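Peer 1: quick one: sequence plus predicted model below, questions after.
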Amino acid sequence: MGHVLGDVMGFAAAVAVSPLPIIAIILILATPRGRLNGILFTIGWILGLSALGAVMLAIASPAGASAHNHPATWVGALKLALGVFLVVLGARQWHRRPKDPSQAQLPKWMSAIDRLAPVKVFALGLALAALNAKNAPLTIAAGAAIGSAGLPVGQQIASLAIFVLIATLGLLAPLGVFLLGGERAKITLGSWKEWAAQHNAAVMAVLFFVLGLKLLGDGISILVS
């Protein structure tokens, strides 16, 4: 289990520092129902990651993700495909990053966050975790790493829970600051939002490229062994 956690830590950290969800929750916390909506958004995020990871584990176990304590061939092919996708996505992010970080623009949907009902805020957290093209591949890769290790079901669930916890730290930090920081929280969260907005593309480009190369290496190693 320790080896598996070592594999998934990088994916969990990459999901945790993904700037867009962090910006989203900071904007949500600034709304009149910030406390309720921030908690609902985080719950939706946790459920989205858990559901996607659980689906991957459900697919991996009966499909023979591990044979004789060695990842199956299809796991190697999946990691290779995810690696190629992340490297291409990272290169695209880097190419499209603004030359002047101060000119970075947030997605248009973020301008409507203050008008979202609590149910839609929950759905937004769910979607950003499970359906986002930037976070979903990382969760799928983590699920593949857990499922291909040949662990007992209990350890698979524990490994996925640890992944989800680490991947949620990026949201728990601003939520904790908001709930405990008092008036100073607005200044702190404002500076975090500004930095995340300016460096979103560059941060994700580097993360995707590094993790994509790792997955490429893992996939090739499984396929040739």
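Peer 2: Great, that's in hand. Numbers count the residues shown, from 1 in each chain.
Peer 1: all helices of this protein, in order?
Peer 2: 2-16, 19-29, 34-60, 73-96, 118-130, 136-147, 153-167, 169-180, 184-224 (DSSP state H).
Peer 1: from residue 2, how far off is the nearest residue to residue 218 once chain neighbours are set aside?
Peer 2: The spatially closest residue to residue 218, leaving aside those adjacent along the chain, is residue 79, at 4.9 Å (CB to CB, 6 or more residues apart in numbering). No exception for glycine: its C-beta is placed from N, CA and C like everyone else's. Distance of residue 79 to residue 2, computed by CB to CB, to the nearest Å: 20 Å.
Peer 1: what about residue 12, how many residues nearby?
Peer 2: 22 (other CB atoms under 10 Å).
Peer 1: measure the residue nearest to it when sequence neighbours are not counted to residue 100 for me?
Peer 2: If the residues on either side of it in the chain are set aside, residue 12 comes closest to residue 166, at 3.7 Å by CB to CB, 6+ apart. Shown here: residue 166 relative to residue 100, a distance of 33 Å by CB to CB.
Peer 1: which of those two has more residues huddled nearby?
Peer 2: Between residue 166 and residue 100, residue 166 has the larger neighbour count (other CB under 10 Å), namely 18 against 7.
Peer 1: enumerate every residue touching the more buried one.
Peer 2: Contacts for residue 166 were tallied using CB atoms under 8 Å, 6 or more residues apart in numbering; they are 9, 12-13, 16.
Peer 1: the same query, at a cut-off of 10 Å, please.
Peer 2: With contacts defined as CB atoms under 10 Å, 6 or more residues apart in numbering, residue 166 is in contact with 5, 8-9, 11-13, 15-16, 142.
Peer 1: out of those residues, who has the most neighbours?
Peer 2: Using other CB under 10 Å as the neighbour test, the contacts of residue 166 are led by residue 142, with 30 neighbours.
Peer 1: rewinding a little: residue 111 is nearest to which of the helices of the chain?
Peer 2: The stretch from these with the least distance to residue 111 (CB to CB) is helix 19-29; that distance is 9.0 Å.
Peer 1: that older thread, where's the residue nearest to residue 218 relative to residue 213, distance?
Peer 2: Taken as CB to CB, the span from residue 79 to residue 213 is 12 Å.
Peer 1: same question, residue 73
Peer 2: Here residue 73 is placed at a distance of 21 Å from residue 213 (CB to CB).
Peer 1: contacting residues for the residue nearest in space to the middle of the chain?
Peer 2: If you average the C-alpha coordinates of the chain and look for the closest C-alpha using CA atoms, centre = their mean, you land on residue 15, 2.7 Å from that point. For residue 15, the set of contacting residues under the criterion of CB under 10 Å, 6+ apart consists of 21, 45, 49, 129, 132, 134-136, 138-139, 142, 163-164, 166-170, 207.
Peer 1: look at the nearest residue to it once chain neighbours are set aside and report its pLDDT.
Peer 2: Leaving out its chain neighbours, the residue that sits closest to residue 15 by CB to CB, 6+ apart is residue 167, at 3.9 Å. In this model, residue 167 is scored at 95, pLDDT.
Peer 1: list the contacts of residue 167.
Peer 2: By CB under 10 Å, 6+ apart, the residues touching residue 167 are 8, 11-18, 21, 45-46, 49-50, 53, 129, 135, 138-139, 142.
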